[in-house]
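# Give me the fold of what follows.
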Amino acid sequence: MNTTVSVLFYIKRSKANNDGICPIYVRVTIQAKRFEFSSNKFINPEKWSSEGAKAKGSNEDARTINSHLDYLKNHVLEAEKRLFKKDIKITSENLKNELFGISETKRMLIPIFRDHNNKIKELVGKEYAPGTLDRYKTSLSHTIEFLQWKYKVSDIEINKIDHAFVTDYEFFLRTVRNCANNTAVKYLKNFNKIIKLCMANDWLNKNPFANYKSKVKEVERVYLTEDEIQNIINKDFKTERLSLVRDIFLFSCFTGLAYVDVKNLTKSHISIGIDGEKWIFTHRQKTESASKIPILPVTQMIINKYENHPQSLNNNKLLPILSNQKMNAYLKEIAGVCEIQKELTFHIARHTFATTVTLTNGVPIESVSKMLGHKNLRTTQHYAKVLDRKVSEDMKLLKDKFVFKETNIKKSGVL
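Below you'll find the predicted structure:
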């Protein structure tokens, strides 16, 4: 063990008594941080060696004082060894607590988790979306339920959280809570943020996630085909409610914007782009990344249709969008009317834009990624993986080239 502790003895002249006798103090220094305490021994300054940090001479008084100082130094170093054996980080505070038997304040998991969530709440609308707060609230609720299920307690000291705690928590999420793989991984990721917070504050000495591995399984994204989009466009809905939901959904299909981003749009988000045409300039609420999307004819038709809608005018919004819950409920009704055998949700519109509207029609993936506001091209590549039709068309071009080559080869008499 490399010793990081320095022990120094000195006399404190400022506390000399009427006879000029000074107390001897102990100064313990660890990485530029220190604490001091009295040795409970006193000496005449003339009999003290500042260079040697001990009493001068070899008389009985000097031997008694120096022996006591050696004892104190060993006492400090033994406390350091105990911390090392306990695998506790050697800091000025920890060594002082160990030396004087001071019990460290117990840090409990749930108050730390709640404090984290309260800070997220204060930053909603500034750094975080409301959905982020909801996810952490749910994660806290699952954690509390797990503690009761596994340990029959309402809280736990953070220094008792180990690798077994993490694996048992995962088992709880997958079985008792019946979470799918990706959902369980996301809850554990939220919990890991709390652990990282504790580690950053030196409240934990070991990372319980150190040997834990989890993997998000790739989920095939559902999207609409050209025929299904056309079916929705052509359908004559008898109620204004379904017609409105259909139009807003199609708006998302041809812009790639998520529900919350469509909801936040105002006329000020529309401006002239680099090509002299109208574009939508906005930022995704989820990632705060920029989205710049040229307005297609069908998109402009929808904007024009609701330009003077009372709800748009009253709320200063581009479109009179309903709540996400209502939109999804009505979309299921639309899917039934249009005989679409897919569970239609508003977010499918974004997938449809990425696949059927853009990538399938030859729009480069880099352009699609920029319009979707993805920070990483790999995120956009998930959409490209499901385009069997695009693969078929690309391979057909390759086949045509090989037919031409085979014809030339046959003419040459090789085959």
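
# C-alpha from now on. contacts and neighbour counts both.
Will do.

# Quick one: residues contacting the closest residue to Asn159 other than its chain neighbours.
With sequence-adjacent residues excluded and distances taken as CA to CA, 6 or more residues apart in numbering, Asn159 is closest to Leu204, at 5.9 Å. Neighbour list for Leu204: 158-159, 198 [criterion: CA atoms under 8 Å, 6 or more residues apart in numbering].

# Restricted to helices, list those residues.
Cys198 (DSSP state H).

# Buried only: go through the contacts of Leu204 for me.
In terms of neighbour count (16 or more other CA atoms under 10 Å), the buried residues within these are 158-159, 198.

# how about a markdown table for the residues you listed, with pLDDT and distance to Arg241 added?
Shown next, in a markdown table, are the buried ones among the contacts of Leu204 (pLDDT from 0 to 100; distance: CA to CA, whole Å):
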| residue | pLDDT | distance to Arg241 |
| --- | --- | --- |
| Ile158 | 92 | 52 |
| Asn159 | 88 | 55 |
| Cys198 | 92 | 50 |
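
# what's the closest of the residues you listed to Phe42?
If you rank the buried ones among the contacts of Leu204 by distance to Phe42 using CA to CA, Asn159 comes first, at 41.5 Å.

# residue contacts, that closest one?
Here Asn159 is in contact with 107, 203-205 (CA under 8 Å, 6+ apart).

# Same question for Ser139.
Ser139 neighbours (CA under 8 Å, 6+ apart): 187, 190-191.

# How about the contacts made by Ile272?
278-279.

# State the distance from it to Ala32.
According to CA to CA, to the nearest Å, Ile272 and Ala32 sit 60 Å apart.

# from what I can see Arg27 touches Ile11, true?
No - using CA atoms under 8 Å, Arg27 is not in contact with Ile11, being 10.5 Å away.

# Looking at those two now, which is surrounded by more residues?
When neighbours are counted by other CA atoms under 10 Å, Arg27 and Ile11 differ, and Ile11 comes out ahead with 25 against 15.

# Would you enumerate the residues in contact with that one?
22-25, 43, 45, 48.

# Test of understanding: give the bridge partners of it.
Ile24 (DSSP bridges).

# Now do the strands in the protein.
Taking DSSP state E, the strands of the chain run over residues 5-11, 22-30, 33-43, 48-49, 54-55, 270-272, 278-283, 290-294.

# Out of the contacts of Leu204, which is nearest to Asp70?
Distance to Asp70 across those (CA to CA) is lowest for Asn159, with 34.2 Å.

# on that earlier part again, ok, of the contacts of Leu204, which one's closest to Lys305?
Cys198 (53.4 Å).

# Format the buried ones among the contacts of Leu204 as TSV; extra columns: distance to Ile90.
Output for those, formatted as TSV (distance: CA to CA, whole Å):
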residue	distance to Ile90
Ile158	18
Asn159	16
Cys198	17
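
# ok, so of those, who is nearest Gln230?
The closest of those, once distances to Gln230 are taken by CA to CA, is Cys198, at 53.5 Å.

# check contacts around that closest one.
Leu204 are the contacts of Cys198 under CA under 8 Å, 6+ apart.

# now, among the contacts of Ser139, which is nearest to Val153?
Closest to Val153, out of all of those and judged by CA to CA, is Phe191, at 17.9 Å.

# low-confidence ranges in the stretch 301-415 of the chain?
Scanning the stretch 301-415 of the chain for pLDDT under 70 picks out 384-391, 393-394, 401-415.

# change it to 90
Scanning the stretch 301-415 of the chain for pLDDT under 90 picks out 308, 310-316, 324, 343, 347, 350-351, 354-415.

# can you map out the helices along it?
310-315, 324-337, 347-352, 365-372, 377-384, 388-411 (DSSP state H, counting those that start in this stretch).

# Would you mind splitting the chain into its domains for me?
Using automatic domain parsing, the domain ranges for the chain come out as 5-100, 109-200, 226-384.

# Out of those, which is closest to Ser392?
With CA to CA as the criterion, Ser392 lies closest to domain 226-384 of the domains of the chain, at 10.8 Å.

# Could you export the helices of the stretch 301-415 of the chain as a markdown table, including mean neighbour count?
What follows is the helices of the stretch 301-415 of the chain, written out as a markdown table (neighbours: other CA atoms under 10 Å):
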| stretch | mean neighbour count |
| --- | --- |
| helix 310-315 | 13 |
| helix 324-337 | 16 |
| helix 347-352 | 24 |
| helix 365-372 | 19 |
| helix 377-384 | 16 |
| helix 388-411 | 12 |
